[in-house]
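**Q** I'd like to go over a predicted model; first the sequence, then the structure.
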Amino acid sequence: MGEKILMKGAEVLGESAIKAGCRLFFGYPITPQNEAPSYMAKRLPEVGGVFVQAESEVAAINMLYGAAASGHRVMTSSSSPGISLMQEGISYIAGAQLPVVLVNVMRGGPGLGNIGPAQGDYFQSVKPGGNGDYHLITLAPMNLQEQIDLIYDAFELADEYRNPAMVLTDGLLGQIMEAVEFHREKDLSSLPAKPWATTGINHRKKNLISSFDLDYDRLEAINHQIQDKYRIVKEKEVRYESYFADDAEVILVAYGTTGRICKAVVDILRSEKYSVGLLRPISLWPFPEKILQQLAQKSTTKGFLVVELSAGQMVEDVKISVNGVKPIHFHGRMGGNVPSPKEIIDIIKTIQWEGK
Amino acid sequence: MSPELKQIFKPSPILTPIQRSFCPGCTHGVIHRLVAECLEELQLAEKTVLVIPVGCATLAVDYFELDTIQSAHGRAPAVATGVKRSNPDLFVVTYQGDGDLASIGTAEIVHAANRGEKITTIFVNNGIYGMTGGQMAPTTLIGWKTETSPYGREASREGNPIRISEMLSQLNGPAYIARTAVNSPKAVLGTKRAIKKAFTAQMKGLGFSLVEILSTCPTNWGFSPVQSLKRIDEETIPYYPLGEFKAVEGL
């Protein structure tokens, strides 16, 4: 701790989880995140933890369900098609209100797609992908240091709200190496108490972990309780980085890898005296709606350009937030492609910002 | 109570004293009682986690005074793996029907068994989907008419009924696998002996254990409760022979 070390993104995921007090990892091989389970298979036994390679992502997510039900911090990582397979289990986990941490190292889709970086699982993560009314607390890092911080925070938030938390990253952040620092380590004796966990009845009242209730009114009441919880999350847990957005005429909106590229775009264009800024959502759910509303209301703001590695998913939430007050443009790349700063700069310069 | 009277039968303290929602003649109730008796006699209840599946057996979330997890269809062995691996001191039992275990959950049961997870599965096989209204299961016998095999199951069209106990006993992971029935007092006692043995296998840490219990579904079979019990002897047992398929040394 306290010193910079060079690590690969997927391995950072594993060590961050261990630093956050996670001692259980269940996963299934899929590129481009294989270094995460490999790291955990080697590292967890060193700290008294358990790694199990599940027979499928379907089994892995249900192993998480069992471990979380028993009161333990637990994580899995996967990539897009694997996360698709987990959706049933994620819905059960959200319904039973269990804290787990999920990592999606997004790759090109749909279907088998390819192993290049992508952001096509935004909908699947924030809307979300399984049945019923629930949300994943979804955090999106733009570099490996932030990945460390967000994995740690994901465990804290999951426990605090008894809700699954997703760290949404991509094939680029999974595969690059960067100098990182682990500056926080959870004291295992300070992990939160979980009196609701199934640990054997042991002379107390029975604990039941379930998303099931045949009674309509009772199930509706549970849903209301979950929605009340979500209102608190939306109130308290919104995260974003505003980078020269306050007085900018053109505001870029991008997260994760594209957020990082857009930050470089802002630096380049600011040096050329263009009035450009970036609003980078860090929590994708809860989405930073209010700041976008405020930025849209500013007289200096001429419009927004949303950049994603998708055909346009987050842009829908930007549109809901801005609500027609200012024009919104979109640029997306797919298939594992990542836009260069120049590509984005050319688009910014092409758009008629004074048009409306 | 007068001194000459001795209480020889009482409700199990592990079973919640509320009315059951099972159909008349259903054998889930008998099997619940046997599971509860074995847990009580082996003094396991305080540290037991029961993993409940999807199907008629889901109703059991309210029936046991045990810490209980309701899991997704077929996934109980994976959930149980998560419980046991995270807390090896717990005693972990899954209770699954044949649609759950032998159809949608085949991957999970095969791999939990193959890894030798130290859990016990109570597998209730009545050869049909009960909760959804009488559809064909992988365990439905040839010729049986169901909602989705209205002309009778044919091997050439739907394949042959799957024998789970025989299949799993080929693996190295299981410590104990047996098939029993509950259609007569003698069979009930045999089932209790098998459950106790399966529980002992887990207590001793010997590996995975499973008891397949041949059960009835009077409602969806369209048989009376008494006819249903007879059908077990006449049709079910000839295809699904009773017995121990695996019992490792030390058990």
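**A** The structure has been received and is ready for your questions.

**Q** ok, the helix or strand where residue A:41 lies near chain B or not?
**A** Assessed by DSSP states H and E, residue A:41 sits inside helix A:35-43. No - Helix A:35-43 does not reach chain B (C-beta under 8 Å from any C-beta of the partner chain); its nearest approach is 13.2 Å. To be clear about C-beta, it is placed using only N, CA and C from the backbone, and glycine gets the same treatment.

**Q** Could you list every helix and strand that that helix packs against?
**A** helix A:9-19, strand A:24-27, strand A:50-53 (3 or more C-beta pairs under 8 Å, 6 or more residues apart in numbering or on different chains; DSSP states H and E).

**Q** Looking at those, which is nearest to residue B:20?
**A** Minimum separation from residue B:20 across these (C-beta to C-beta) falls at strand A:24-27, 34.7 Å.

**Q** For chain B, see how far away residue A:9 is.
**A** Distance, residue A:9 to chain B, using C-beta to the nearest C-beta, to the nearest Å: 26 Å.

**Q** In contact with residue 214, which residues are there?
**A** As the question left the chain open, I've gone with chain A. For residue A:214, the contact set (C-beta atoms under 8 Å, 6 or more residues apart in numbering or on different chains) is empty.

**Q** let's do chain B instead
**A** Per C-beta under 8 Å, 6+ apart, neighbours of residue B:214: B:125, B:126, B:179, B:180, B:181, B:182, B:183, B:232, B:236, B:237, B:240, B:242.

**Q** JSON lines for those, including secondary structure?
**A** Below are the contacts of residue B:214 laid out as JSON lines (DSSP: H, G, I helix; E, B strand; the rest coil):
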{"residue": "B:125", "secondary structure": "strand"}
{"residue": "B:126", "secondary structure": "coil"}
{"residue": "B:179", "secondary structure": "strand"}
{"residue": "B:180", "secondary structure": "strand"}
{"residue": "B:181", "secondary structure": "strand"}
{"residue": "B:182", "secondary structure": "coil"}
{"residue": "B:183", "secondary structure": "coil"}
{"residue": "B:232", "secondary structure": "helix"}
{"residue": "B:236", "secondary structure": "helix"}
{"residue": "B:237", "secondary structure": "helix"}
{"residue": "B:240", "secondary structure": "coil"}
{"residue": "B:242", "secondary structure": "coil"}
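
**Q** Pull the most distant pair out of those.
**A** B:126 and B:242 (15.1 Å).

**Q** what about the two, which has more around it?
**A** residue B:126 (27 against 17; other C-beta atoms under 10 Å in any protein chain shown).

**Q** Closest approach to chain A from chain B, which residue is it?
**A** Closest to chain A within chain B is residue B:82: 2.5 Å, counting by C-beta to the nearest C-beta.

**Q** Can you check the pLDDT for that residue?
**A** Looking at residue B:82, its pLDDT reads 98.

**Q** Could you pull up phi and psi at residue A:243?
**A** Torsion angles at residue A:243 (phi, psi; degrees, to the nearest 10) stand at phi -120, psi 100.

**Q** Now for it, how many residues are close by?
**A** For residue A:243, using other C-beta under 10 Å, the count is 20.

**Q** tell me which element the residue lying closest to it once chain neighbours are set aside is part of?
**A** Distance criterion C-beta to C-beta, 6 or more residues apart in numbering or on different chains; nearest residue to residue A:243, sequence neighbours excluded, is residue A:278 at 4.2 Å. Assigned by DSSP H and E, residue A:278 falls within strand A:276-281.

**Q** got the contact list for residue B:61?
**A** Counting by C-beta under 8 Å, 6+ apart, residue B:61 makes contact with A:208, A:210, A:212, B:52, B:68, B:70.

**Q** secondary structure element for the fifth one?
**A** The one in question is residue B:68. Going by DSSP H and E, residue B:68 is in strand B:67-70.

**Q** Quick one: the contacts of residue B:61 as TSV, columns for distance to residue A:304 and pLDDT too.
**A** Shown next, in TSV, are those (distance: C-beta to C-beta, whole Å; pLDDT from 0 to 100):
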residue	distance to residue A:304	pLDDT
A:208	47	98
A:210	43	98
A:212	43	97
B:52	49	98
B:68	50	98
B:70	45	98
